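1. generate a structure from the sequence data that follows.
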Amino acid sequence: MAEIPLYFVNLQDDLDDYGFEDYGPDCDSMRLTAFLDIPGQDELPPLARLEKYAFSDNVFNRQIIARGLLDIFRDFSNNEEDFLTVMEIVVRLSEDAEPTVRIELLEQIPPIATFLRENRPDFPVVFSEYIIPVVVRDLTDPDNQVRKSSQEVLLILLEQDLIFQDDTENRVCPILLELSAPESDAEYRAEAVSIICKMASVVSKSTVERLLLPRFCELCGDGKLFQVRKVCATNFGDVCHAVGQEATEKFLLPKFFELCSDTVWGMRKACAECFMAVSYNTSPEVRRTQLSPLFIGLLSDPCRWVRQAAFQSLGPFISTFANPSRAGLYIQEDGTLSMRPPRQDPGADATSGSSSPGAYGGASPISPTRYVQREPELCLGGTPTETSAFQHGDSSSHGLAENPKQSPALTRLSLGASVTTGLPPADESPINSHPGNSEDVFNNILYWRTPLPDVSQDVELFLSESGVQEEGCMRPETVYSSCMARSEIQKVLRSLQEHMTNDPDVQAQVQVLCAALRAAQLDSTNEPESKPPGGPAEVSVSDPSPASTSRPPSAPSAQNGLSVARISQGTDAGDAKDGTSDHLETQQKLEPTTLEENKSNLQDVIPQPLLDEFVSMTDPARAQTVDTNIAKQCAYSLPGVALALGRQNWHCLKGTYETLASDVQWKVRRTLAFSIHELAVILGDQLTAVDLVPVFNGFLKDLDEVRIGVLKHLYDFLKLLHEDKRREYLYQLQEFVVTANNRNWRFRYELAEQLILILELYNPNDVYDYLMHIALRLCADKVSEVRWISFKLVVAILQKFYSNSEGALGLNFINELIIRFRHCSKWVGRQAFAFICQAVVSEECVPVEQFVQHLLPSLLSLKSDPVPNVRVLLAKALRQTLMAKAYFRNAGNPHLEVIEETVLALQSDRDQDVSFFATLEPKQQDVTDTTGLEKRN
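-> Numbers count the residues shown, from 1 in each chain. This is a model prediction of the structure:
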């Protein structure tokens, strides 16, 4: 410890000797190597003196040299020999034994590389021979801080495109592959995989696929260090984006599935957080058939933190299903929604099979597979044996008892996705488990194949025989199987109820089973309920097939049977008959509207279980088992989900939106208020008027924290409404002036800004009757910021009047301004009048004849105002604005003499500031600069 004071004394002596008496941490502009230019020091030339201090025993000397290398290169880069000498010094400093010296050197490499690229024609050779080896060698430095610095420098060089591809592939990538090898040290491996993930987005796609992707896939399955897998899972989305869709589906998705089922919950949580980025780089088929079941598994994960991350990503994941051709909208570069021009080919929506990234975060268009909206079941005949084949297809091999981790909703989603897309997995579909005659088993691919042939004769034959077929309808068997499935689910629920109170994981499983129960109830209702008894059968012939009369079940009945079979697997069918009828009667009495509400959630854009889970985020029980802010996350993601579903499926989210709009948490309502204008663009004017306007009206009367969300986008929302509906809000705009807290001046400031935009939505008479009075009230606000923005609103109103040839309204408004501000008893009002006149001249919003007749006399009368602040603004208005206009400079102008006399009087004013501004030369200047003057006053 006794050496420390001496060390500091020596440092100060060295600084004094080098001419750094005033050196300190704040003197960034000082040339650090100025001591090299001091004449007579050691009688050595500057380059020799540089070598002396670069190799000095004093650490501080070497630090100063390393810190000033950029100035050294500027001094010695013209001479080739001197330049090579300096490069040798750089190499020597990179091998310095003191880590601080090496860190100082690394921090100077990016600016040095930029300088060399701009000034050295041989930059590629110099950079490759001298700079790159320094950075690469420090990646393996034993000191942790040196390694961190080298990693940062490497990424900066790659982002600035300073490293050539050849050096990246032959020098950088080999050392990273070596550090990330299984036999490497654990700390080095974790750092190397982090660099590999970050490099993927800044190097070429071919380099990533050839060199980095194999090692990344290997590291994703690293069994030694979970930290390595955690880094891979965290950056998985960036790597998918770097390699593209084909490599993602071929190489990365299998690894992603492994990470999603990792035993460490942190890995599964990281996968849930990057799920949207992974889905962004997959095809619609993979997104629907593979990623959707996987995500449902994360939603029901045993770990609460994983479920929380999954529900946070649920909305963004659903948004990747968005298809511009469905929604009729696209996202511009600034992130705003705009209407897509109508397509010329009406069938392009169904025939486009390209998978190019769309406008919605890269979501590719939906595949050309024909998605069918579920219709009431057709009674096409059949036998109980055939029906039983659907209901018990593979219940013996994939029961709930054998796989307790797989939720019924997950099983139902996997099967439903297979049926919808026409790609049933071989190991899951009950159809494939019963080989035999194709007529004995319903084949969804053949039934809904495209293109469809002409089936008019078959339809006529079917309609003529509908009476006979009705007798052989398989409706009773289908109802029985659905009741059996619900009964089995209810048994499982009853067995879990005693464990619900203390175990959040059991509660989450119960919620999933409840969703499956609602699905089973919904399936049982897909019968021809509207068919009149005893009358002829009413058949939907939207997509018929010639084989429809020969196959036993219809498409909806087969889909219902498949769903019921998957939900009821692993249970005894014989026990399902007990108590089924009694429960059905009780359920219908207690919940008469549940089935109708579930039917309203049907859609074919996204897998139905995903939508069911998203809608369930408003359930209060979710706040206990998942996250207390889950309702806010649902509100935040709802516009993206609405965009994916399209306005034709808004009925699926309408109830959820109304629930969120009436949530007791103001943060949830605030989130909706900030996004209601975007949702209005998605839904269109008709749905907006019916469903969003009532919610909007409720937000107008809410807390200020909620009202500010509506206010910030008031113009964006009102412009989407019809003119008649828009006029209803004229009177309500006055309510924004009143706030719960008068100190909340930013609320009134935002109102003034929005009113400037809203002026274009109303005619001059409405502006005069309603908006003008709000503007005058804001001009008298106690806060100066509100007053200054309100003055701009006044100018905009005058411009509105005169641009629409409403001179009478403009004149009345001018007279009101003179009464309220020119003759105001407070000096602030008179100063405001001077500013308004200055802005009127600057914006030329009033005809000059009207200005000189009505405003100019009142303005010039302010020269005798007793308050200097008023005269200062008058001097600035006359000298800097009026006299800068050609009309007032014209020698023949009758008002020029009066203006000049006023200016001369102000130049001789006793106040120094007034005389200063009155003597300034006229020039064009932004009138908003006067805000600084008022602040100083």
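
2. which residues touch the nearest residue to residue 745 once chain neighbours are set aside?
-> Closest residue to residue 745 apart from its sequence neighbours, by C-beta to C-beta, 6 or more residues apart in numbering: residue 783 at 4.0 Å. (C-beta placed from N, C-alpha, C; glycine too.) Going by C-beta atoms under 8 Å, 6 or more residues apart in numbering, residue 783 touches 745, 748-749.

3. try it again at 10 Å.
-> 742-746, 748-749 (C-beta atoms under 10 Å, 6 or more residues apart in numbering).

4. what's the answer for residue 171, then?
-> 128, 132-133, 135-136, 163-164.

5. write the ChimeraX selection for whichever of the residues you listed are buried.
-> Those of those that count as buried under 16 or more other C-beta atoms under 10 Å are selected in ChimeraX with:
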select :128,132,135,136,163
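
6. let me have the contacts of residue 171 in TSV, adding pLDDT and distance to residue 605 as columns.
-> Rendered in TSV, the data for the contacts of residue 171 read as follows (pLDDT from 0 to 100; distance: C-beta to C-beta, whole Å):
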residue	pLDDT	distance to residue 605
128	89	53
132	91	51
133	91	55
135	93	49
136	92	50
163	90	44
164	89	46
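
7. can you pull the phi/psi pair for the residue nearest to residue 745?
-> phi -100, psi 130 (degrees, to the nearest 10).

8. and for residue 782?
-> Per degrees, to the nearest 10, the backbone of residue 782 is at phi -80, psi -20.

9. for residue 185, same thing?
-> Dihedral angles for residue 185 - degrees, to the nearest 10 - are phi -70, psi 150.

10. now do the contacts for it.
-> Here residue 185 is in contact with 140, 179, 191-192 (C-beta under 10 Å, 6+ apart).

11. select from those residues the one having the most neighbours.
-> Within these, most neighbours by other C-beta atoms under 10 Å means residue 192, with 26 neighbours.

12. thought it was touching residue 174?
-> No: using C-beta atoms under 10 Å, residue 192 makes no contact with residue 174, being 11.5 Å away.

13. mind checking the SS state of the nearest residue to residue 712 once chain neighbours are set aside?
-> Using C-beta to C-beta, 6+ apart and skipping residues adjacent in sequence, the residue nearest residue 712 is residue 750, 6.0 Å away. Following DSSP: H, G, I helix; E, B strand; the rest coil, residue 750 is assigned to helix.

14. if I look at residue 750, what pLDDT would I see?
-> pLDDT, residue 750: 94.

15. one more: the one 10 residues further on?
-> We note a pLDDT of 93 for residue 760 in this prediction.

16. residues near it, how many?
-> 11.

17. distance of it from residue 724?
-> Remark: distance between residue 760 and residue 724 (C-beta to C-beta, to the nearest Å) = 17 Å.

18. what is the neighbour count of residue 294?
-> 19.

19. can you check the pLDDT for it?
-> On the pLDDT scale, residue 294 gets 94.

20. the one 5 residues further on now?
-> As summarised for this prediction, residue 299 has a pLDDT of 92.

21. ok, residue 606 next?
-> 90.

22. equivalent analysis for the one 5 residues further on, please.
-> At residue 611, the pLDDT value in this model is 93.

23. quick check: phi and psi on it?
-> Dihedral angles for residue 611 - degrees, to the nearest 10 - are phi -70, psi -40.

24. what of residue 675?
-> Torsion angles, degrees, to the nearest 10, at residue 675: phi -120, psi 10.

25. what sits against it?
-> Residue 675 neighbours (C-beta under 10 Å, 6+ apart): 635-640, 642, 709, 713.

26. now flag whichever of these is closest to residue 860.
-> residue 713 (42.5 Å; C-beta to C-beta).

27. how near is that closest one to residue 774?
-> Taken as C-beta to C-beta, the span from residue 713 to residue 774 is 18 Å.

28. looking at those two, which one has more neighbours?
-> Higher neighbour count among residue 713 and residue 774: residue 774, with 21 against 17, using other C-beta under 10 Å.

29. so where does that one fall, helix or strand?
-> Residue 774 is part of helix 772-779 when elements are defined by DSSP states H and E.

30. after that helix, next one along is what?
-> That would be, after helix 772-779 and using DSSP H and E, helix 784-803.

31. how about that next one as PDB, C-alpha atoms only?
-> Below are the C-alpha coordinates for helix 784-803, written out as PDB (Å, rounded to 0.1, in the frame of the first residue of the first chain):
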ATOM      1  CA  SER A 784     -47.300  28.600 -21.500                       C
ATOM      2  CA  GLU A 785     -46.700  25.400 -23.600                       C
ATOM      3  CA  VAL A 786     -50.500  25.000 -24.000                       C
ATOM      4  CA  ARG A 787     -50.900  28.600 -24.900                       C
ATOM      5  CA  TRP A 788     -48.200  28.600 -27.600                       C
ATOM      6  CA  ILE A 789     -49.600  25.500 -29.300                       C
ATOM      7  CA  SER A 790     -53.100  27.000 -29.000                       C
ATOM      8  CA  PHE A 791     -51.900  30.100 -30.900                       C
ATOM      9  CA  LYS A 792     -51.100  27.800 -33.800                       C
ATOM     10  CA  LEU A 793     -54.600  26.300 -33.600                       C
ATOM     11  CA  VAL A 794     -56.000  29.800 -33.900                       C
ATOM     12  CA  VAL A 795     -54.000  30.500 -37.000                       C
ATOM     13  CA  ALA A 796     -55.200  27.100 -38.400                       C
ATOM     14  CA  ILE A 797     -58.800  28.100 -37.800                       C
ATOM     15  CA  LEU A 798     -58.300  31.400 -39.600                       C
ATOM     16  CA  GLN A 799     -56.800  29.600 -42.500                       C
ATOM     17  CA  LYS A 800     -59.800  27.200 -42.500                       C
ATOM     18  CA  PHE A 801     -62.200  30.000 -42.800                       C
ATOM     19  CA  TYR A 802     -60.500  32.000 -45.500                       C
ATOM     20  CA  SER A 803     -59.500  29.000 -47.600                       C
END
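
32. report the rounded mean pLDDT for it.
-> 93.

33. elements contacting the following helix or strand past that helix?
-> Per DSSP H and E, helix 784-803 leads on to helix 807-817 as the next helix or strand towards the C-terminus. Secondary-structure packing of helix 807-817 (3 or more C-beta pairs under 10 Å, 6 or more residues apart in numbering; DSSP states H and E): helix 764-766, helix 772-779, helix 784-803, helix 827-843, helix 848-850.

34. turn the ones you listed into TSV, including distance to residue 69.
-> Output for the helices and strands packed on helix 807-817, formatted as TSV (distance: least, C-beta to C-beta, whole Å):
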stretch	distance to residue 69
helix 764-766	67
helix 772-779	57
helix 784-803	48
helix 827-843	52
helix 848-850	63
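
35. so which of the ones you listed gets nearest residue 904?
-> It is, among these and with distance given as C-beta to C-beta, helix 827-843, at 18.0 Å.

36. just for the stretch 801-937 of the chain, where's the confidence low?
-> In the predicted model of the stretch 801-937 of the chain, residues 891-892, 922-937 satisfy pLDDT under 70.

37. can you map out the helices along the stretch 1-150 of the chain?
-> For the stretch 1-150 of the chain, the helices defined by DSSP state H, counting those that start in this stretch cover 3-18, 46-54, 59-67, 69-76, 80-94, 99-119, 123-126, 132-138, 144-159.

38. put the alpha carbons of stretch 145-161 into CSV.
-> Presented in CSV, the C-alpha positions along stretch 145-161 are these (Å, rounded to 0.1, in the frame of the first residue of the first chain):
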residue,chain,number,x,y,z
GLN,A,145,-12.7,-8.0,-20.0
VAL,A,146,-10.3,-8.2,-23.0
ARG,A,147,-12.5,-11.0,-24.5
LYS,A,148,-15.6,-8.9,-24.0
SER,A,149,-14.0,-5.9,-25.7
SER,A,150,-12.8,-8.0,-28.6
GLN,A,151,-16.3,-9.5,-29.1
GLU,A,152,-17.8,-6.0,-29.2
VAL,A,153,-15.2,-4.8,-31.7
LEU,A,154,-15.7,-7.8,-33.9
LEU,A,155,-19.5,-7.2,-34.1
ILE,A,156,-18.9,-3.5,-34.8
LEU,A,157,-16.5,-4.3,-37.6
LEU,A,158,-19.0,-6.8,-39.1
GLU,A,159,-21.9,-4.4,-38.8
GLN,A,160,-19.9,-1.6,-40.6
ASP,A,161,-18.9,-4.1,-43.3
